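Q: just coords:
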């Protein structure tokens, strides 16, 4: 299957039109790593050799592929370079995988996500996927915000984005609901006196549903209620504090569903809930083409659908 993929890329090109593999490797590495020096270090050649190989590639194609920033050492793709990169990277990735299979070494499938999603939803499911596909090594890394596909060789990123910022190629994985939660020990008191409870809040821009100020009307909170808020930089911290009985939190389902099922957290009021304005979406790496990527995407979407999270 892998060999066929390589052939599909190459069979329509006359051999005289295919540039040297070393030049394509230098071009792909320079773009992926963001500079000639880093590409040279990865390829174990000199920086001048990388520059020479890319210059020769440009001459053979009759087009400038990269714009160089002389002062900062950075590079930028031209339209021609942007057109070549996916094909070059895809072909090299397929060749890498084919050679790895011959050697009996499978290429890793790398997935990135932020800390809360990784620890509360993704990690267990990646382990289950690995158990079903033991010949596919998995690598899970933590990244907040926009994923660095090139620098970390990411095949698939799970990104938390506002609904208004969805891209055409984003695959929505999870839609969340937000509602107040607390430990079962705190619940009898909290359900009767929210205004006297410590409030636990995640610091998150442009997400009013997880800001206690937007819930003050439901609970009749006093004017000075913000003095009772403890703010955390991560949702994982908020939930850890809530499980420990430190106060009320605005939980995000399905991330907290395991805590609800186990009884470590309970909903303050069963019918009080709001839809979240952000989504967890899947984004493919723009250049990497792992043979098991589609299988993993199908698995994650099936998991989300099975639990009613989509």
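A: That came in fine, so what should we check first? Here the structure is a predicted model, which is why all the values come from computation and not from measurement. Numbering: from 1, shown residues only.

Q: In the chain, what residue spans correspond to strands?
A: 66-68, 75-77, 109-113, 138-142, 156-162, 171-182, 199-202, 229-232, 248-253, 266-267, 274-284 (DSSP state E).

Q: Adjacent strands (with direction) for the fifth one?
A: Each strand that strand 156-162 pairs with, and the sense of that pairing, follows from DSSP bridges: strand 109-113 (parallel), strand 274-284 (antiparallel).

Q: Mean neighbour count, the strands of the chain: which tops it?
A: Mean neighbours per residue, mean count of other Cβ atoms under 10 Å, is largest over the strands of the chain for strand 248-253, with a mean of 26. Any C-beta I mention is one placed from the backbone N, CA and C, and that applies to glycine too.

Q: Give me the contacts around that strand.
A: Residues from elsewhere that reach strand 248-253 (Cβ atoms under 8 Å, 6 or more residues apart in numbering): 176-182, 186, 190, 194, 197-202, 209-212, 215, 235, 238-239, 241-242, 259-260, 265, 267-268, 276.

Q: got the angle for that strand vs strand 171-182?
A: 150 degrees (axes from the mean of the first three to the mean of the last three Cα atoms, to 10 degrees).

Q: Who does strand 248-253 pair with, and is each partner parallel or antiparallel?
A: strand 171-182 (antiparallel), strand 199-202 (parallel).

Q: To residue 295, which of these lies closest?
A: Checking the strands paired with strand 248-253 against residue 295 by Cβ to Cβ gives strand 171-182 as the closest, at 14.0 Å.

Q: Now do that closest one: distance to the chain's middle.
A: The chain centre lies 17 Å from the centre of strand 171-182; the measure is Cα atoms, centre = their mean, to the nearest Å.

Q: Quick one: closest of the strands paired with strand 156-162 to residue 167.
A: From the strands paired with strand 156-162, taking Cβ to Cβ, the stretch that ends up closest is strand 274-284, at 7.7 Å.

Q: which outside residues touch that closest one?
A: 117, 147, 155-163, 166-167, 169-179, 206-210, 252, 293, 297, 300-301.

Q: what do you get for stretch 54-66?
A: Counting by Cβ under 8 Å, 6+ apart, residues outside stretch 54-66 touching it are 19-20, 23-24, 26-27, 30-31, 36, 75-78, 80-81, 84.

Q: before we move on, back to that, could you save the strands paired with strand 156-162 as a markdown table and add columns showing mean pLDDT?
A: A markdown table is the format used below for the strands paired with strand 156-162 (pLDDT from 0 to 100):
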| stretch | mean pLDDT |
| --- | --- |
| strand 109-113 | 94 |
| strand 274-284 | 94 |
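
Q: Distance to residue 226 added to the ones you listed, as JSON lines?
A: JSON lines is the format used below for the strands paired with strand 156-162 (distance: least, Cβ to Cβ, whole Å):
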{"stretch": "strand 109-113", "distance to residue 226": "31"}
{"stretch": "strand 274-284", "distance to residue 226": "20"}
